[in-house]
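Student: Below is the sequence, then the predicted model.
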Amino acid sequence: MSVFNAMIISLKAYVITILVYFLLFAVVGNMQAKAASSEKSNIFEEVVISVAVTDNDNTGLSKALVDYLKETQNVVDPKTDDLRTMNDNVRFSIYDYALIIPQGFEDKILSGDTEGAVSYIVPGTTASQFLLTEKIDNYLSDVVIYLKSGYSKDEAIKLTHDQMIDLSDTHVVVMDNDDNNHKSFYASMFSFNGYTLMMLLCVCCACTWSVMKDRNVSERIAVSGMHFFTRNAAAVGAVLTIGFAITSLVIVVVRIMGRGNVDDKFMYYALDVYALMTVGIGMAYFICSITVSDNLINMIANMIVLSMSFLCGIFVDAQFLSESILKVAHFLPLYWYARALKFINDTKVDQILGGQFITYLVIEVLFALVFFAAGMVISKKKEQYAV
Amino acid sequence: MSTSVVAIDNLVKRYGDKVAVDHFSLDVKEGEILGLLGPNGSGKTTTINCLLALLKYDKGSVTIFGKEMKPESYDIKSEIGVVMQNVAVVETLNVYENVDFFCGLYIKDKALRKKYVEEALEFTGLTEYKKYKPMKLSGGLLRRLNIACGIAHKPKLIIFDEPTVAVDPQSRNAILEGIRKINKDGATIIYTSHYMEEVEELCTRIVIMDHGRNVASGTAKELKSSLVNRETIRIGIPNRTDKIFADIKEINHVYKVKEDGEDLVIKCDGGEHNLVHVLSYLTDNNIPFGHVSTQLPTLNDVFLEITGKELRD
Amino acid sequence: MFGRMFIYKLKELVRNRFLIGWNFLFPLVLATAFYLGFGNMIKDDPDSFKAIDVGYVNTAGEDTNFHKVIGELSEETSDHADILNVSEYTSEEEAMKDLKGEGGIYGIYVDDGNEIKTIVPFNGYRATALNQIVREYENKITLIGNIAKDHPENLDTALELVTKDMNIAKEYDFGSGISLYLQYFFALIAMASLFGSWISTEMIEGMCANHTEKGKRFECAPVSKLMSIASGVLAGASMQAVSNAIVVIYIEYVLKIKFGIPLWNVILITTLGSGLGISMGVLIGALVKNKRLFDIIPIVFSMTCSFCSGLMWDQIRQMIQANAPILNKINPAALLVDCLYTRATYGTIDVYYQDIGIMSIMIIGALTISAVLLRRRRYVSL
């Protein structure tokens, strides 16, 4: 019991590490999950683009254009009049589109010189750029055509406006029946968890394990008369307890964060996370068989887990990874964790528990055993050669 | 009369309310091995740190080689060698590089430095380990490296701050022998320790510190001679009578006789051949006796008499 | 003396496996991980607009105007790229089989000659774009209808204008269009540079009597403390600069990700970044008295600054720029990222020189303050 207690107490030294990763998980994971998740809906909804408008003309026509955008899009403050800063704001998604209405805009439109009457800044050729440019072009070209067809300025503005707003009743049917078109909050949250949980387990379990693996401590315990099996069982038990506690805490935190999201698949996500826990503990053992230095454990864990997260579609969706990278990823445990998450997300709840899901979990546990076996071989060799 | 190398006058160092060094004065003469003896926490290391101008002190003055010691007294520092209590070496450099690096802080001439480094390695018995990294050395060898780094530049004044802590007896003897040799070569030495045997064996003069104060100083002989009890004789006498007690008490220099189990404990306040006188009395009077032992006073006894506690408390 | 100490400090650093691991190997591993994750997206931005796969079902029994319109939108012209990729189906049921988004079609137009019904599998940009095409088509019909009713004399002019591309909205061109994902690599270099702060704190630890016994030995030696620290700073900065240069060369020549900046210029900026990391570490070492914090503060400082410069989330630096720009001007990692980003995106404009200026001032300021704090002194306690 004393080995078990000592290891649990040693965990206190890593409270800051645990807090940092939890904070990272809670803040970044939550933001990412909220941005990536979507829900099924059979009612058509237009995408609303956030557009920063700089109106340097302040005339009837420019105000009408701004009002039209306010009615249909999300008009925001550009926060700057510097074009480069606007460009950066657009590129880094502070807003999607920056529209600049120059001085003399109305005069230019009224005189029929339409080319380049307004300018815009967009992050390259994107869907939002295409959509809003189409809408603005359409609006202004309607005004120009009305003006050239003999209508007054006010008539042209009113007709264009009414027509644009009325047209929102186009006939659109949404056939949103498949889960795989959406990523649930839990799938997104647990996806990022692949990185943070692995880091937490690798660092905390490896560091507490290393306390007992330190040569002086292990020799002292070895001569204490405690049976080989008892002391090793206590060490394994302590690490499993730590791993289970951290994993359960993560699951509870996710459940609390997603309390507004109804998802009856939560239990399956939790099962996948527990399977990942075995990988994390196995890897922790593997790392602390290489070194018992906290600094080196941190470094190796960071290198392995970060690289794996990028390769296995944790940080970047697997659909954007190349074929060859995905082939390599098959030999990494996080890939199977991510695949299991996708499987749960895409499959109806009553069809999840079956061969495919269990295969994913078994593969994860097998990886854990491989790491554990590799760690044992290294430990034995080190003992043999007294490294 | 030899010149003064170190002069500490009325030094006071406080840490808040606690007085670490209390009006301490010291004068170290050229060629001396001065032992600074005291229990842990008596203020030895604090005094050394003040002496080296590392610590601010509240009162007093420190003069080395006749000049006031300040943080920027580079001329004085270039003549001082320090062997720290804890090993102070660069982990990533090997033994040779470590000694060369620290020696290089004092000696600019490359050829001379090379000679000094090799001599220091030879002197500390580290030549065969010169390619080793510190982490590969045993505790004793590491201590020797610590010494080599402190003395390689052949300083005129060397301060050894408890250099033999956690060192095996063999290495300790080598270290003490080395210090004697350095002193013989002309260096003045200040040696702090709480091992009285070491200090007694090595130092030409001893200063005993307690609570930051200089409680006694002199040679080991002088310190011991200041004690009332100069020799304790223990003899096993099975058939003791009051007469034996009274007769022994009459022997010259015996000032106290008491029983301790089977033994008779006889305390003498000076003189020579006290044991011979006691044994003569016993044989002359056909008084049977068993085992006999005699014990001369130690520095611990000196400390005990002055402070009322033992050095190793 | 300076040269000797510089060489020994360099030896000491090069042999320190923690520093080599964190400052040199870790950025290389992370760069490789970024490459594996973002490599595809740098070459082919997933956000760029691609023709939408759409099905078309004609139930009118004859060719319609809408069919012509979507036919035009399927072709690449001088005015626009192809917007639609149309597959024609004979019935709605048949088209529905392919209506699955990825790997199929993203919408179906059912055209009965009068009304166009749009069927989409789910909401999103593609659904909105498909609907927008129908809206524009119906809008023009309404527009022509209004003119025919109110001003029939101008109908020909109106019809001519409807088909004419007026190019009313014009895009600003800023020249170089480097991939946004390069931001991650810039932040990675900034992180590696700030890792240099560990080198400094470790160096200060070994040179100050209040931290280590080695420091006591240093301070007992007849050498100027500032000169010792200067040689250490130069050794640390040199090692970090070489390490950064290797990371840059690895990214440009092994991973083949182009920064869009001449190599000498990148190395010059990253060398300045190395100096920044080292000097920040010296300042931390000078300010912090608690030995335990010597390890924690540099890592918290490096990671916080790197996170705020966009290491894990590319938007954050710009969010700070939009809401509290001063923070970006005092965050050394954000300054370095901004310097690289500005140079790559806009060239050598004022902001680029401003970033270099602020970084230089930071280096000088940090070293000056540290020099005052670390100058040879007596300690109150050891």
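Tutor: Thanks, I have it. Numbering: from 1, shown residues only, chains lettered A, B, ... in the order given.
Student: and A:V75, that's in a strand?
Tutor: Yes. Under DSSP: H, G, I helix; E, B strand; the rest coil, A:V75 sits within a strand.
Student: Help me confirm that it comes into contact with A:L69.
Tutor: Yes. Using C-beta atoms under 8 Å, A:V75 is in contact with A:L69, at 5.3 Å. All C-beta spots, glycine's among them, are computed from the backbone N, C-alpha and C.
Student: Identify the contacts common to these two.
Tutor: Common neighbours of A:V75 and A:L69 (criterion: C-beta atoms under 8 Å, 6 or more residues apart in numbering or on different chains): A:51, A:53.
Student: which outside residues touch stretch B:166-184?
Tutor: B:31, B:33, B:123-125, B:139-141, B:143-144, B:147, B:151, B:158, B:160, B:163-164, B:189, B:191, B:198, B:201-202.
Student: Looking at residue 160 now. What's its pLDDT?
Tutor: You didn't say which chain, so I picked chain A. A:T160 carries a pLDDT score of 89 in this model.
Student: please go with chain C instead
Tutor: C:E160 is given a pLDDT of 83.
Student: got any ranges where the stretch 51-200 of chain C has weak pLDDT?
Tutor: Filtered on pLDDT under 70, the stretch 51-200 of chain C yields the residue ranges C:77-81, C:176-177.
Student: returning to what we had before: mind checking which of the contacts of stretch B:166-184 are buried?
Tutor: B:33, B:123-124, B:140-141, B:143-144, B:147, B:151, B:158, B:160, B:163-164, B:189, B:191, B:198, B:202 (16 or more other C-beta atoms under 10 Å in any protein chain shown).
Student: hang on, A:G116 in a helix?
Tutor: No. Under three-state DSSP, A:G116 sits outside any helix and is assigned coil.
Student: wait, what's in contact with it?
Tutor: Counting by C-beta under 8 Å, 6+ apart, A:G116 has contacts C:167-170.
Student: Switch those over to TSV; also include secondary structure and distance to C:T142.
Tutor: Output for the contacts of A:G116, formatted as TSV (DSSP: H, G, I helix; E, B strand; the rest coil; distance: C-beta to C-beta, whole Å):
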residue	secondary structure	distance to C:T142
C:N167	coil	23
C:I168	coil	19
C:A169	strand	21
C:K170	strand	26
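Student: Ignoring the adjacent residues along the chain, who's closest to whatever residue of chain A ends up closest to chain B?
Tutor: When distances are taken as C-beta to the nearest C-beta, chain A reaches nearest to chain B at A:S293, 12.2 Å away. The shortest distance from A:S293 to any non-neighbouring residue, by C-beta to C-beta, 6 or more residues apart in numbering or on different chains, is to A:S210 (7.7 Å).
Student: Go ahead and list the helix or strand containing that neighbour.
Tutor: helix A:185-213 (DSSP states H and E).
Student: Please apply the same query to B:I158.
Tutor: strand B:157-161.
Student: Just give me how far the helix or strand just after that strand sits from the chain centre.
Tutor: Moving toward the C-terminus from strand B:157-161, the next helix or strand (DSSP H and E) is helix B:169-184. Centroid displacement of helix B:169-184 relative to its chain, using C-alpha atoms, centre = their mean, to the nearest Å, is 12 Å.
Student: can you check stretch A:323-333 too?
Tutor: That offset, for stretch A:323-333, works out to 20 Å (C-alpha atoms, centre = their mean).
Student: Do that stretch and chain C come into contact?
Tutor: Yes. Using C-beta under 8 Å from any C-beta of the partner chain, stretch A:323-333 reaches chain C at A:I325.
Student: What residues of that stretch count as buried?
Tutor: Here stretch A:323-333 shows A:325, A:329, A:332-333 as buried, counting by 16+ other C-beta under 10 Å.
Student: could those be laid out in a markdown table, adding pLDDT, secondary structure and distance to A:D137?
Tutor: Output for the buried residues of stretch A:323-333, formatted as a markdown table (pLDDT from 0 to 100; DSSP: H, G, I helix; E, B strand; the rest coil; distance: C-beta to C-beta, whole Å):
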| residue | pLDDT | secondary structure | distance to A:D137 |
| --- | --- | --- | --- |
| A:I325 | 85 | helix | 40 |
| A:A329 | 89 | helix | 43 |
| A:L332 | 92 | coil | 48 |
| A:P333 | 93 | helix | 51 |
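Student: Domains in the chain, by residue range?
Tutor: Unless you meant another one, I'm taking chain A. A:2-40+A:181-384, A:44-176 (automatic domain parsing).
Student: wait, chain C
Tutor: For chain C, automatic domain parsing gives the domain ranges C:2-44+C:177-375, C:52-174.
Student: Need the ones you listed in TSV (columns: distance to A:L65 and mean neighbour count).
Tutor: TSV is the format used below for the domains of chain C (distance: least, C-beta to C-beta, whole Å; neighbours: other C-beta atoms under 10 Å in any protein chain shown):
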stretch	distance to A:L65	mean neighbour count
domain C:2-44+C:177-375	24	20
domain C:52-174	10	17
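Student: got CSV for those, with distance to B:D168 too?
Tutor: Output for these, formatted as CSV (distance: least, C-beta to C-beta, whole Å):
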stretch, distance to B:D168
domain C:2-44+C:177-375, 21
domain C:52-174, 73
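Student: rewinding a little: return the list of helices and strands in contact with the strand holding B:I158.
Tutor: helix B:44-51, strand B:80-83, helix B:139-151, strand B:188-193 (3 or more C-beta pairs under 8 Å, 6 or more residues apart in numbering or on different chains; DSSP states H and E).
Student: Can you list the strands that the second one pairs with?
Tutor: Using DSSP bridges, the strands paired with strand B:80-83 in its sheet are strand B:157-161 (parallel).
Student: first vs last residue of stretch B:19-37, how far apart are they?
Tutor: End-to-end distance of stretch B:19-37: 18 Å, with C-alpha to C-alpha, to the nearest Å as the criterion.
Student: now for the buried residues of stretch A:323-333, which pair is the farthest apart?
Tutor: A:I325 and A:P333 (15.7 Å; C-beta to C-beta).
Student: And residue 53, its phi and psi?
Tutor: You didn't pick a chain, so chain A it is. Per-residue torsions, A:V53: phi -110, psi 130 (degrees, to the nearest 10).
Student: Not quite, go with chain C.
Tutor: Taking degrees, to the nearest 10 as the convention, C:D53 sits at phi -80, psi 120.
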